[in-house]
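Chemist: What follows is a predicted protein model with its sequence.
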Amino acid sequence: MAKIEKVELLMVDLAPKVKRTDAIQSFVSQETPIVIITDSDGATGAGYSYTIGTGGSSVMRLLADHLAPRIIGQDADRIEAIWRDLEFYTHATTIGAITAIALAAIDTTLWDLRARKMGLPLWKLAGGASDRRPLYTTEGGWLHIDKQALVEDALAAREKGFTGSKVKIGKPRAAEDVERLEAMRAALGDGYEIMTDANQGFGLDEAVRRSGRLADLDLAWIEEPLAADDIDGHVRLSNSTSTPIAIGESLYSIRHFREYMQRGACSIVQVDVGRIGGITPWLKVAHAAEAYNIPICPHFLMELHVSLACAVPNGKYVEYIPQLDEITGEKMKIESGMAIAPSAPGLGIDWDWQEIRRRAISDFNSVIA
């Protein structure tokens, strides 16, 4: 039994590669908590999570003051036991984003450690359903981008073999969203997927109205049309439209996903490993979705989600938003528009530790032993 002997904490702040706007916010930075765990065999694992601009300092304090000290001396291979212990230990602050982000940083590290010691890439250790998944891109679909640029980016993505493009919706008038999407469909034809994302920007009345206006465009989905905690609204919306409704990036518990699926409130699940609390609960959501015959199209974190989408049989897409390029060496492999599962043991992320330590915000560097 190899016990956890040391936990190192770092955080880097990564600027978005392009301007990112949606119906309710701008993605101004990616605060990236990074955890390195060393066990009594001398083996190490590394994992991470993220914010979109706020909360990173709180995540780091929760890790340093509460979570990391609690796992010292524990059996590193008992990942489920550690995850449940930490969840109940932080019961007063769950279920919520700050705690889930902190839990994810530790949990992904433990999975990396286990996979490295076993000599297996994560996607095989967690199931090994496929060695590749189709890509769709979001980077050219932000809300501020004009209609012609949307079309040009989607055409370029199709030339690279991508399956689809996602466009942010939520312009002041429904006609503006419709005009942008009609231009894309006219240019791309019926063989290319168009995903849309409202980022929780609508009330139920407006979501029903706009979904009706968009029905003839054969959209792959409408993502987060309503507030994430409005399950009843999602049921009513799903019953009113033939366009699939996608949810998940803003849910923090496996039980939230269970209720969505039980009540028919969604037909696409976008569980995010950084928001749900790590790989341990992510896999539970994915397998539950399989039981409901619902595909998994994870949100963001393509460098990690490629392995998880490949691990499960209902992994359908990987979302292309590169964000770790500045702190990694070898990038996620893409062939003919397909994200290829890493072959290296562990998460398969080629961290540039020299650059990470150079960028690390000194206020949050700590070692717990």
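Modeler: Here it is on my side, so go on. In this text, all values refer to a predicted model and were calculated from it rather than measured experimentally.

Chemist: Which element is encountered next along the chain beyond the helix or strand that contains residue 256?
Modeler: Applying DSSP states H and E as the criterion places residue 256 in helix 254-262. Next along the chain after helix 254-262, taking DSSP H and E as the criterion, comes strand 268-269.

Chemist: what helices or strands is that following strand leaning on?
Modeler: strand 245-247, helix 254-262, helix 279-291 (3 or more CB pairs under 8 Å, 6 or more residues apart in numbering; DSSP states H and E). (C-beta placed from N, C-alpha, C; glycine too.)

Chemist: Deepest in the core, which of those is it.
Modeler: strand 245-247 (a mean of 26; mean count of other CB atoms under 10 Å).

Chemist: Strands along this structure, start to end?
Modeler: Using DSSP state E, the strands of the chain run over residues 4-14, 30-39, 44-48, 132-137, 164-168, 193-197, 221-223, 245-247, 268-269, 318-320, 333-335, 338-340, 366-368.

Chemist: between these, which gets nearest to residue 108?
Modeler: strand 44-48 (3.1 Å; CB to CB).

Chemist: distance between the closest one and the chain's centre?
Modeler: Centroid displacement of strand 44-48 relative to its chain, using CA atoms, centre = their mean, to the nearest Å, is 17 Å.

Chemist: Just put the helices and strands packed on strand 268-269 in JSON lines and tack on distance to residue 81.
Modeler: Listed next are these as JSON lines, based on distance: least, CB to CB, whole Å:
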{"stretch": "strand 245-247", "distance to residue 81": "30"}
{"stretch": "helix 254-262", "distance to residue 81": "17"}
{"stretch": "helix 279-291", "distance to residue 81": "10"}
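
Chemist: Can you lay out the ones you listed as JSON lines showing mean pLDDT?
Modeler: Output for the helices and strands packed on strand 268-269, formatted as JSON lines (pLDDT from 0 to 100):
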{"stretch": "strand 245-247", "mean pLDDT": "98"}
{"stretch": "helix 254-262", "mean pLDDT": "97"}
{"stretch": "helix 279-291", "mean pLDDT": "98"}
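
Chemist: and of the ones you listed, who's closest to residue 141?
Modeler: Comparing these by CB to CB, strand 245-247 comes nearest, at 14.4 Å.
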